[in-house]
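**Student:** got a predicted structure plus its sequence, pasted below:
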Amino acid sequence: MIRVLVDADACPVKAEALRVAERHGAEIHYVANGGLRPVDHPLARMVYVPEGPDEADKWIADRAGPADVVVTADIPLAAKCVAAGAQVLNHTGEPFTPANIGQKLATRDLMADLRAADPFRQGGGKGFSKADRSRFLDALDRALRTARRGG
């Protein structure tokens with residue numbers, strides 16, 4: 001059975017992910033440190049990991065494989081899941097792939113260095129839009145079809 005593994009602590013598309021997973025008959029695991037309300041759906045599983053840095057990421061990385069689609073904005077987690085053969089998306093529907101994950105990691109590291117060098121630098125990102133939500137729905141649907149075919 002294909003699965004959707006959601007890094008759920010700060011994910012703005014939890015409900016959308018469930019809708020698409022349901023359409024595909026895929027089990028969905030919401031992984032978090034806590035604070036999420038349980039989802040009453042036969043395909044949904046709530047996974048509460050211990051408090052601590054990266055515990056949800058570790059749980060997902062240890063289980064992700066070719067029959068899975070992972071939803072995360074965490075680039076190091078995405079890299080581990082891509083290496084394990086999973087389809088990986090961020091919450092705007094942008095895929096992480098073997099072809100782009102190296103550049104994503106390098107950019108993340110560069111930005112961390114720039115922020116550390118200039119503590120007054122304001123890093124305001126753009127807001128989450130309806131177009132982002134729509135792109136995510138389409139991308140998750142495609143990723144689940146790809147996972148069903150075996151990658």
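**Tutor:** Received it, and whenever you're ready, just let me know what you need.

**Student:** next helix or strand past the helix or strand bottoming out on mean pLDDT in the chain?
**Tutor:** When the helices and strands of the chain are compared on mean pLDDT, DSSP states H and E, helix 101-117 comes out lowest with a mean of 70. Counting by DSSP states H and E, the next helix or strand C-terminal to helix 101-117 is helix 130-148.

**Student:** and that next one, what's its mean pLDDT?
**Tutor:** The pLDDT scores in helix 130-148 average 93.

**Student:** residues contacting it, please?
**Tutor:** With contacts defined as C-beta atoms under 8 Å, 6 or more residues apart in numbering, helix 130-148 is touched by 2, 4, 12-13, 16-17, 19-21, 23-24, 26, 66-69, 71, 86-87, 89, 91-95. (C-beta placed from N, C-alpha, C; glycine too.)

**Student:** do that again at 10 Å, thanks
**Tutor:** If you take C-beta atoms under 10 Å, 6 or more residues apart in numbering as the criterion, helix 130-148 is touched by 1-4, 12-13, 15-17, 19-21, 23-26, 65-71, 85-95, 126, 128-129.

**Student:** now do the SS call for the residue nearest to A56 when sequence neighbours are not counted.
**Tutor:** Once flanking residues are discounted, A56 sits nearest to V31: 4.6 Å by C-beta to C-beta, 6 or more residues apart in numbering. When classified by DSSP: H, G, I helix; E, B strand; the rest coil, V31 comes out as strand.

**Student:** before we move on, what about the one 10 residues further on?
**Tutor:** Under three-state DSSP, H41 falls in the coil class.

**Student:** measure it to V47 for me?
**Tutor:** 14 Å (C-beta to C-beta, to the nearest Å).

**Student:** quick one, which of those two is more surrounded?
**Tutor:** V47 (16 against 11; other C-beta atoms under 10 Å).

**Student:** contacting residues for that one?
**Tutor:** If you count contacts by C-beta under 10 Å, 6+ apart, V47 has them with L5, V6, A8, H29, Y30, V31, A32, L36, A56, W59, I60, R63.

**Student:** contacts only, for the nearest residue in space to the last one that is not next to it in sequence.
**Tutor:** Closest residue to R63 apart from its sequence neighbours, by C-beta to C-beta, 6+ apart: L5 at 6.8 Å. L5 sits next to 17, 27-31, 45, 47, 56, 59-61, 63-65, 68-72, 77, 81, 86, 88 when contact means C-beta under 10 Å, 6+ apart.
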